[in-house]
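Asker: just a sequence and a predicted model for now, questions to come.
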Amino acid sequence: MFTHEARFVITELLFGGILNMNYRMLGGTGLEVSEVGYGGEHLVDKSYDVIDEIVNIAIDGRVNIIDVFMPQAEVRSNIGKAIGNRRKDVLLQGHIGATLQSDGQYLKSRDTKHCDIFVKDFLNRFETDYIDFGMMHFIDNDTDFTEVFDSPFIEYVQELKKDGIIRFIGASSHDTATAIKMVNTGIIDMMMFSINPVFDLSFGAYFLDMLWEDDLKLNEFRIDPKRAELYTLCEAKGVGITVMKALGAGRLLSAKTSTLDRALTLPQCVSYALDRPAVSSVLLGAQTVSEIKQALAYAKATPEEKDYTIIIKDGLKFHGDKCMYCNHCLPCSQGIDIAAVTKYLDIAKINNADTIRAHYEALSAHGGSCTACGSCQCNCPFNIDIIENMKEAHLIFGK
């Protein structure tokens, strides 16, 4: 067994030097999270030694956000023990409503007394007196929404925040319409949402079942307008997003199982998710040391390795008029950050608040700086009318 200090040195050596992990502000929380986070669900039934090594390699790799939805006592205790005195270096997502029945079976519960048992259990097993993000667990339809937001459950969660037991209120969801409703309540500070290129395709609102349809192959790519609306709404409202299912349960990494009929790489999937508005961290699961090292390697990936536009360069047709914020259009002769200008334009169409205007005005160049030279249009892999977007931004923001 290595000490944390020795393991840190070994981790650095394995990656050939310091890992350049980037951090992003998570919505309006004031907290910065690592672009790559860790989702702990695969640690259930793993030995303490395995958990200790994986968790601490992640922390050594500058990961500072870990999701723990699992209600089982042993895995909670083992992760808590592995973190040990490094609690100050880690932001924890703990789920409120992920519980166990008396027979040990998982149960999604909205019973506040039952949920409180598992909240207190979480604090005890992690040897902490607070949870950074109290995630209201698995809200995926109108029934879930009503059972949470029109019941004593939401009052219980707000009381946890008032008492400092949770620092921020979060929610986990896979459903776009439900997620939009939650953001519009003004109650949640952040959310965990499932994002990857397949889920973003406009084939309906709920995509999880698509992962398991081996015969389904897609030949067109179009962002679901409701999902685009969700991401932009979160950005406008200051609701940060942490991402689950970025690799599509690993199926996107194989041409045999990917519905895109080609394999994507981990850096491509992570980069895609990080380019969506409001996204701050992509939480990757790992059940082996090798897998956590692959996740951490994103911090050293080159722009070419992260380029997910290969999806359409290899023949998948793109239909739509929404900017993907990938910045393949650069460089701009006038120094315009085209993705940023377009993102603030899209947000302003939903909520032209003073804060959005201030962010736009802080840019070094604006839509009005555009000379319509057309070089960006030639570079854009998605055939977006960038010049028109710059004109519209100039009209809305006045510069």
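Answerer: Thanks, I have the structure now.
Asker: which residues touch the helix or strand containing Gly80?
Answerer: Mapping Gly80 onto the secondary structure by DSSP states H and E places it in helix 73-83. Around helix 73-83, the neighbours that count as contacts under Cβ atoms under 8 Å, 6 or more residues apart in numbering are 40, 43-46, 48, 51-52, 55-56, 59, 66, 68, 70, 90, 121-122, 125-128. Glycine gets a C-beta too; all of them are placed from N, C-alpha and C.
Asker: in the stretch 101-250 of the chain, which spans are strands?
Answerer: 106-108, 131-136, 166-173, 190-194, 220-221, 240-244 (DSSP state E, counting those that start in this stretch).
Asker: ok, which of the ones you listed comes nearest Arg24?
Answerer: strand 240-244 (8.2 Å; Cβ to Cβ).
Asker: average pLDDT for that closest one, rounded please.
Answerer: In this model, strand 240-244 has a mean pLDDT of 98.
Asker: quick one: the next helix or strand after it to strand 240-244, angle?
Answerer: Of the helices and strands lying after strand 240-244 in sequence (DSSP H and E), the nearest is helix 266-274. Orientation check (axes from the mean of the first three to the mean of the last three Cα atoms, to 10 degrees): helix 266-274 against strand 240-244 gives 150 degrees.
Asker: other SSEs contacting helix 266-274?
Answerer: Contacts defined by 3 or more Cβ pairs under 8 Å, 6 or more residues apart in numbering; DSSP states H and E place helix 266-274 against strand 279-285, helix 303-306.
Asker: now it - C-alpha only, PDB.
Answerer: C-alpha atoms of helix 266-274 as PDB (Å, rounded to 0.1, in the frame of the first residue of the first chain):
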ATOM      1  CA  LEU A 266     -13.400   9.100 -24.500                       C
ATOM      2  CA  PRO A 267     -11.800  12.500 -25.200                       C
ATOM      3  CA  GLN A 268     -14.400  13.100 -28.000                       C
ATOM      4  CA  CYS A 269     -17.300  12.300 -25.800                       C
ATOM      5  CA  VAL A 270     -16.100  14.400 -22.900                       C
ATOM      6  CA  SER A 271     -15.300  17.300 -25.200                       C
ATOM      7  CA  TYR A 272     -18.700  17.100 -26.700                       C
ATOM      8  CA  ALA A 273     -20.400  17.300 -23.300                       C
ATOM      9  CA  LEU A 274     -18.200  20.100 -22.100                       C
END
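Asker: give me the mean pLDDT for it.
Answerer: Here the average pLDDT along helix 266-274 is 97.
Asker: angles on the backbone of Ala249, please.
Answerer: Note on Ala249: backbone dihedrals following degrees, to the nearest 10 are phi 60, psi 30.
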